[in-house]
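> need a structure here:
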Amino acid sequence: MSLLEVKNLKIYYDTKGSDLKAVDDISFDIPEGENLGLVGESGCGKTTAAKSIIRLLPKNGRIAGGSINYKGQNLAAMTTEEIRKTRWKEISMISQSAMSALNPVYKVGDQIVEAIRAHEKMPKKEAMNRAEELFDIVGLEKKRLSAYPHQMSGGMKQRAIIAMALCLDPGLIIADEPTTALDVVVQDRILNKIVEIQKSHGSSMVFITHDISVVAETCERTCVMYAGKIMELGPTSKIFKDPRHPYTMGLQNAFPSIQLDQKELISIPGFPPNLVEPPAGCMFYDRCPFCDEKCETEEPETVQVEKGHYVSCHYAEYYQQFRDRASQKTTWDEVKIRQQKKGVV
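Model prediction:
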C-alpha cells in the first residue's frame with residue numbers, strides 16, 4: 001500500500017463569486033521511501049496540490065472533490081484539530097522561502113522546541129537537546145540555536161527550516177521550492193543535504209519545483225502539471241529521456257543544458273488558459289503544435305503508455321513523430337502564428 005494516495009483531487013479558489021479551478025481532478029501516489037517531483041510553470045497548481053495535503057490552503061481555497069489518503073486515512077475529511085496533530089508529526093513542510101518562514105521575534109531554537117513540544121510531551125531541555133542533534137545533522141553549529149533569524153544567512157535559515165521539518169521524524173516531507181532564494185552553490189549543498197537526510201530517515205518526499213534538473217537529480221518519479229491537470233506522470237528517467245506529452249517536450253526545449261552541443265532554447269508560445277472559464281478540451285490546446293479539433297472540444301483521458309507511465313493526450317501513440325518535430329524551432333513558431341491569427345497573443 002502507498003504511503004500517500006491522492007485520487008481525483010479538485011481544489012478551487014473562490015474569486016468574487018466564480019471558482020478558479022487551480023487543481024482539477026488529479027491522481028497520484030507515493031510509496032514509502034520514494035520521492036515524487038511536481039514540475040510545471042508558475043501557476044500550474046503544483047504548490048496548491050502539495051499544500052492541500054496538509055490543508056494549508058488560503059481562506060478562499062477549498063478541496064472541492066477527491067480524497068487524500070495518508071496511511072489509509074483521508075486527510076481531506078479530517079477535522080481542523082485532527083489535521084493539526086498530523087502536521088509536523090506525520091507530514092512536514094520545507095517552505096519556499098526561509099526568509100519569511102521563521103518568526104523574526106523568536107530565537108530559532110525556541111521555534112524548533114515549540115514545534116516539538118506541541119506534539120510530544122517532552123521537557124524543554126530534552127527538546128532543546130533534540131534541536132541540537134538536528135542542527136548537527138543539517139550542518140549548523142548548535143550556538144546558532146540562540147540566534148534570531150535576521151542573524152543568519154539565507155543558507156543557514158534554510159537549513160534551520162530543514163531541521164524543523166525533521167524534528168518529529170515525519171513519514172512524508174513536502175519540499176516547496178526549498179532553494180529558490182539561494183545562490184547556486186548553496187542550492188546544491190542544500191539539495192544534497194535534504195536528499196541525504198530524507199534517505200537516512202526513510203521518509204518519502206514531494207519535491208515541488210519549476211527546475212526540471214532538480215527533479216532529475218532527486219526524484220524517482222515525476223509528475224508534470226499544466227493548468228491544474230497532470231499532463232504526464234512516470235519514472236523520472238522515462239519522463240526526461242522518453243517524454244510522451246507535447247508539453248513535456250516543450251518544457252525540455254525551454255530548459256538550458258550543460259551539454260556542449262546545446263541547441264537554441266525554444267520557448268512555448270502563449271499563456272496558460274483561464275482557469276475560471278477553462279477550455280472544454282485539452283488544457284494545452286492553444287499552445288500545442290500537434291492539436292486538432294478533437295483536442296479543442298474533448299478532454300483527453302489519461303492512458304498508461306508503459307508500466308507506471310501515464311499521459312493525458314489524445315494522440316500519445318504518435319509521440320515519436322511529435323518528439324522529432326518538437327525539437328525544431330519552426331514547429332513552435334507555427335503555434336505563435338496560429339495564436340496571432342486567433343488573437344490569442
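
> now R325: how far from K51?
37 Å (CB to CB, to the nearest Å). Where C-beta positions appear, they are placed from N, C-alpha and C, glycine not excepted.

> same question but for T248, I mixed them up
According to CB to CB, T248 stands 24 Å off from K51.

> For V276, which three-state class applies?
coil (DSSP: H, G, I helix; E, B strand; the rest coil).

> Restrict the helix or strand hosting V23 to CA atoms and write it as CSV.
Taking DSSP states H and E as the definition, V23 sits inside strand 18-30. Below are the C-alpha coordinates for strand 18-30, written out as CSV (Å, rounded to 0.1, in the frame of the first residue of the first chain):
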residue,chain,number,x,y,z
SER,A,18,-16.5,32.4,-9.5
ASP,A,19,-14.5,29.2,-9.0
LEU,A,20,-10.9,29.2,-10.2
LYS,A,21,-10.0,25.5,-10.8
ALA,A,22,-6.4,25.5,-9.6
VAL,A,23,-6.3,21.7,-9.4
ASP,A,24,-8.8,19.8,-11.4
ASP,A,25,-9.1,16.0,-11.0
ILE,A,26,-5.6,14.8,-10.4
SER,A,27,-4.4,11.5,-9.1
PHE,A,28,-1.0,10.2,-7.9
ASP,A,29,0.5,8.1,-5.2
ILE,A,30,3.8,7.9,-3.3
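
> Report the beta-bridge partners for D19.
D14 (DSSP bridges).

> Now do the contacts for the residue most central in space within the chain.
The residue lying closest to the centre of the chain (CA atoms, centre = their mean) is I208, at 2.4 Å. Shown in contact with I208 (CB atoms under 8 Å, 6 or more residues apart in numbering): 37-38, 46-47, 50, 174-177.

> And those residues, which two are furthest apart?
The most widely separated members of the contacts of I208, counting by CB to CB, are G37 and T47 (13.0 Å).

> out of the two, which sits in the more crowded spot?
Counted by other CB atoms under 10 Å, G37 and T47 do not tie: G37 has more neighbours, with 26 against 21.

> what's the spacing between the more buried one and K229?
16 Å.

> Would you agree C295 is in contact with H314?
Yes: between C295 and H314 a contact is recorded at 5.9 Å, counting by CB atoms under 8 Å.

> what is in contact with the two at once?
What both C295 and H314 touch, as defined by CB under 8 Å, 6+ apart, is the set C282.

> Who has more neighbours out of the two?
The neighbour count for C295 versus H314, taken as other CB under 10 Å, is higher for C295 (22 against 18).

> Check the burial of K307 by counting its neighbours.
8.

> again, but for the one 3 residues further on
Using other CB under 10 Å as the criterion, Y310 is surrounded by 20 other residues.

> same for the strand holding V23, what does it pack against?
With contacts defined as 3 or more CB pairs under 8 Å, 6 or more residues apart in numbering; DSSP states H and E, strand 18-30 has these neighbours: strand 4-15, helix 46-53, strand 61-70, strand 229-235.

> Tabulate the CA atom coordinates of the first one in PDB.
To tie it back to what came earlier, the one meant is strand 4-15. Presented in PDB, the C-alpha positions along strand 4-15 are these (Å, rounded to 0.1, in the frame of the first residue of the first chain):
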ATOM      1  CA  LEU A   4       0.100   8.700   0.200                       C
ATOM      2  CA  GLU A   5      -2.600   8.200  -2.300                       C
ATOM      3  CA  VAL A   6      -4.300  11.200  -4.000                       C
ATOM      4  CA  LYS A   7      -7.400  10.400  -6.000                       C
ATOM      5  CA  ASN A   8      -9.400  12.700  -8.300                       C
ATOM      6  CA  LEU A   9      -8.400  15.800  -6.200                       C
ATOM      7  CA  LYS A  10     -10.000  19.100  -7.000                       C
ATOM      8  CA  ILE A  11      -9.100  22.400  -5.400                       C
ATOM      9  CA  TYR A  12     -11.000  25.500  -6.200                       C
ATOM     10  CA  TYR A  13     -10.400  29.200  -5.200                       C
ATOM     11  CA  ASP A  14     -13.300  31.500  -4.800                       C
ATOM     12  CA  THR A  15     -12.700  34.600  -6.900                       C
END
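
> what does it contact?
19-30, 45, 48-49, 52-53, 57-58, 60-70, 76, 172, 204, 206, 276.

> For the closest residue in space to I137 that isn't next to it in sequence, which three-state class applies?
Leaving aside its chain neighbours, I137 sits nearest to I197 (6.1 Å; criterion: CB to CB, 6 or more residues apart in numbering). The three-state assignment at I197 reads helix, by three-state DSSP.

> Contacts only, for I197.
Counted by CB under 8 Å, 6+ apart, I197 has contacts 137-138, 162, 166.

> rerun that using 10 Å as the cut-off
134, 137-138, 162-163, 165-166, 173, 203 (CB atoms under 10 Å, 6 or more residues apart in numbering).

> just Q151 next, same as before
107-108, 144, 157.

> from those residues, which is closest to W88?
V108 (15.8 Å).

> Could you list the low-pLDDT ranges of this structure?
Low-confidence segments of the chain (pLDDT under 70): 1, 98-99, 181-182, 257-262, 344-345.

> show me where it has helices.
46-53, 80-86, 98-101, 108-117, 124-137, 154-165, 184-201, 212-218, 236-241, 246-253, 293-297, 319-326, 329-342 (DSSP state H).
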